[in-house]
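Undergrad: Sequence below, structure please.
(4 chains)
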Protein chains: 4
Amino acid sequence: MSAPFEELAQQLAEVGRHCYERGWALGTSGNFSAVVDTAPLTLAITTSGVDKGVLESSDIVGIDERQRVVRGSGQPSAEATLHLAIVRARDAGAVLHTHSIWSTILSEAATDGALTIEGYEMLKGLGGVATHEHCEQLPVIENTQDWIAAAPQIESLLREHPRSHGFLIRRHGLYTWGENLAAAKWQIEILEFLFEVMGRKRGMIWQP
Amino acid sequence: MSAPFEELAQQLAEVGRHCYERGWALGTSGNFSAVVDTAPLTLAITTSGVDKGVLESSDIVGIDERQRVVRGSGQPSAEATLHLAIVRARDAGAVLHTHSIWSTILSEAATDGALTIEGYEMLKGLGGVATHEHCEQLPVIENTQDWIAAAPQIESLLREHPRSHGFLIRRHGLYTWGENLAAAKWQIEILEFLFEVMGRKRGMIWQP
Amino acid sequence: MSAPFEELAQQLAEVGRHCYERGWALGTSGNFSAVVDTAPLTLAITTSGVDKGVLESSDIVGIDERQRVVRGSGQPSAEATLHLAIVRARDAGAVLHTHSIWSTILSEAATDGALTIEGYEMLKGLGGVATHEHCEQLPVIENTQDWIAAAPQIESLLREHPRSHGFLIRRHGLYTWGENLAAAKWQIEILEFLFEVMGRKRGMIWQP
Amino acid sequence: MSAPFEELAQQLAEVGRHCYERGWALGTSGNFSAVVDTAPLTLAITTSGVDKGVLESSDIVGIDERQRVVRGSGQPSAEATLHLAIVRARDAGAVLHTHSIWSTILSEAATDGALTIEGYEMLKGLGGVATHEHCEQLPVIENTQDWIAAAPQIESLLREHPRSHGFLIRRHGLYTWGENLAAAKWQIEILEFLFEVMGRKRGMIWQP
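TA: As a prediction, this is how the structure comes out:
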């Protein structure tokens, strides 16, 4: 799961620009990370306040488990706490966080603590899913500006939903992850596709 | 109908990247094929699990009628059975399978086994159609993970709808084909256009 | 109003690729023309059945008033009759015909023979319009496959609506024109923008 | 806040082409400015009637506080009065004006003189906003073709809403600004994102 920092930083920059192009990381929103080393844990992560449309590898820093910068320079994303919690809980190689139109709308609408997606072929794009008969439950948690205080809540959420491939923060966006950056990027595309299907269906008179 | 494998592989890669750009083959979804030779039948087809956004000709293999790899290396798409059945039944030169938002939504809504599209000028973009007064019926079949077992069902569906230019798999996507890759690509664009028209109309209060 | 054929052919190819990119000329749909000379009238026009995504100047021919090819080679668009009628009636330097999602939907919904658009700032982008208080009426005519027979109907329609900046063919698409190619391209963008505004508004529950 | 004219002109051209690509400045719509110098005030601003898809630095002129051209040549945008009023009232370094689908629709729907957006994480992308609990109120004013006569109204609107990050002109578009061009561009992306969220929500049956 380890890889040279510089290589991961370039791949993260590419994924970031891709997400910007798709409209999932507008303004300076979104943050992206990948595991450089596991012992001790080192994470390559985007710095704060950067335009993802022109993201460069120099906008990525390496941090340790206590969020201290160990490679490059800059302020790591304010949501680094979430990235580290996910890496630990899921043994992930990459964590991606996006702000999309449909994830925002669906997260706002979810009333029972989770968004359920079931019966679509595209679900097979999620890690380890082999049939469209899969039922994906994405937990929806409330938004906050203090993720350090909310870290225990995130950790218990990840424990309580061991099979979920991501979670939504209400009126905020999506977190998803994968064994490596490519797998995490595919999961964003899959989940955003399914969000759009569900969002558009709900807008329809004849309700399929 | 025969063409050099390498040339077709490059054209398939181009069509695949195009479909990815349009949002019809996100994650690693979608698969694409073209006939290399008819006697014996050889099909150039995308390998399994490849990101269509960066599809290269090296991601294409040649297979024979029994799905054995005869050119290049890699695992042919799990849906190669469908491609071969379509080529045989329709004398097609190329088969394209995409996963789009609107085909997913409309396939879910179809209750009588087919999606009917009628009266649009764009229908003239389908092979052999010369007037907007054409009535296109796209059969909708249930999804499965065992296409080898479902092959007879597909073959009888193609026989029962000899004039259809494609079919939908429920909550999964579209199969269409053409005498060559260019014709098949045009048909995807035409059908996706018409799906969007029909999907958007159904979302409207005033229902045109 | 006259310009070198080769220069206009290149500009037409560029406009065609642009319309394809925007989704207004998918498959092989759409056709585009510009006046090369007025005495005698010579029109540069796209040939039939060409993929607009890869349109080149060699896909453009010059025709005279009787649709005989006088420059280049190929079959002029089957709708050349319409282009010539518009050039004569409106003294246009360029005529563009597109097939878009929203023009298709709105043309289908229009029940009183015209689509009316009123009160938007974007209307000022239409030739000669200086205020958002403009009321644009785009006639909607029925589709046909015999435009030579329908030519008199088109000519009377253009006479009866001397101030219209375009017209719609039902379930088919938009015709618009301008004093030159740039002006015609702007009008397509303006009209498509307004079609989308109107189409989306009609899909809304709260109906602004 | 001062910068070389030529550098700002190139950045303005880039922002303009970007807005065109996103569909926020179609036809020849939209206008963009940045402060070159503050004493005396000099503004780099787009000239009138230019296609933003091919905007070049030569399409930008420098004007003084009385809208006289002091750099380059061409007719400054007819809405230069608004740009100058905003720069004075808000101490802005850049002012951007776009025409988008969603801002047009939402401006039309606003009945109480303002569009209110509240509770979204993306609001943090607006200058000085540090929490999603922010309540943004964008005033909506009526459209006119005489901005010189309307200047006092704009100035009082800016005084009465000292915390607003932009305003809407009904059925016309958005004005927003920032301390520099990058900040203003981010604000457009943030506001357009939120407009789309709100517009799409209103189109939904189940109304989240």
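Undergrad: Tell me the residues of chain A that contact chain C?
TA: A:G203 (C-beta under 8 Å from any C-beta of the partner chain). Bear in mind the C-beta positions are built from the backbone N, C-alpha and C, glycine included.
Undergrad: how about 6 Å then?
TA: Nowhere does chain A come near chain C, counting by C-beta under 6 Å from any C-beta of the partner chain.
Undergrad: Relative to the whole chain's centre, how far out is the longest helix along chain A?
TA: If you go by DSSP state H, chain A has its longest helix at helix A:181-202. Centroid separation for helix A:181-202 versus its chain: 12 Å, with C-alpha atoms, centre = their mean, to the nearest Å.
Undergrad: which residues are contacting stretch A:15-30?
TA: If you take C-beta atoms under 6 Å, 6 or more residues apart in numbering or on different chains as the criterion, stretch A:15-30 is touched by A:32, A:49-53, A:55, A:97-100, A:185, D:125, D:186, D:189-190, D:193.
Undergrad: would you say A:L168 is within a strand?
TA: Yes: counting by DSSP: H, G, I helix; E, B strand; the rest coil, A:L168 is part of a strand.
Undergrad: circling back: average pLDDT for the longest helix of chain A, rounded please.
TA: The pLDDT scores in helix A:181-202 average 95.
Undergrad: Tell me, how many residues neighbour A:V54?
TA: Residues lying near A:V54 (other C-beta atoms under 10 Å in any protein chain shown) number 12.
Undergrad: for it, what are its contacts?
TA: Going by C-beta under 6 Å, 6+ apart, the list of residues near A:V54 is empty.
Undergrad: And the pLDDT for the residue lying closest to A:V36 once chain neighbours are set aside?
TA: Closest residue to A:V36 apart from its sequence neighbours, by C-beta to C-beta, 6 or more residues apart in numbering or on different chains: A:T42 at 4.2 Å. According to the prediction, A:T42 has pLDDT 97.
Undergrad: now swap in A:A3 and tell me
TA: pLDDT, A:A3: 72.
Undergrad: Please apply the same query to A:A110.
TA: At A:A110, the model reports a pLDDT of 86.
Undergrad: so what's it up against?
TA: Neighbouring residues of A:A110 by C-beta under 6 Å, 6+ apart: A:V140.
Undergrad: ok, now how distant is it from A:V140?
TA: A:A110 sits 4 Å away from A:V140, going by C-beta to C-beta, to the nearest Å.
Undergrad: same check, this time on A:F195
TA: On the measure of C-beta to C-beta, A:F195 and A:V140 end up 12 Å apart.
Undergrad: same question, A:G166
TA: For A:G166, the distance to A:V140 (C-beta to C-beta) stands at 11 Å.
Undergrad: May I see the ChimeraX selection of the buried members of the contacts of stretch A:15-30?
TA: This is the ChimeraX syntax for the buried subset of the contacts of stretch A:15-30, where burial follows 16 or more other C-beta atoms under 10 Å in any protein chain shown:
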select /A:32,50,51,52,53,55,97,98,99,100,185 /D:125,186,189,190,193
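Undergrad: Which ones, among the contacts of stretch A:15-30, also lie beside chain B?
TA: By C-beta under 6 Å from any C-beta, no member of the contacts of stretch A:15-30 lies near chain B.
Undergrad: which sections of chain A are below the confidence cut-off?
TA: In the predicted model of chain A, residues A:1-2, A:204-208 satisfy pLDDT under 70.
Undergrad: what about the strands in it?
TA: Secondary structure of chain A (DSSP state E): strands at A:31-38, A:41-46, A:60-63, A:69-71, A:94-98, A:114-118, A:135-141, A:166-169, A:173-178.
Undergrad: doesn't A:G62 make contact with the residue nearest to A:V36?
TA: Yes: if you go by C-beta atoms under 6 Å, A:T42 and A:G62 touch, sitting 5.4 Å apart.
Undergrad: any residues in contact with both of those two?
TA: With C-beta under 6 Å, 6+ apart as the test, A:T42 and A:G62 both reach A:V36.
Undergrad: count of residues packed around A:L138?
TA: 24.
Undergrad: A:P162 too?
TA: What A:P162 shows, counting by other C-beta under 10 Å, is a neighbour count of 8.
Undergrad: what does A:F5 give?
TA: A:F5: 20 neighbours (other C-beta under 10 Å).
Undergrad: got the contact list for it?
TA: A:36, A:44, A:62, A:71.
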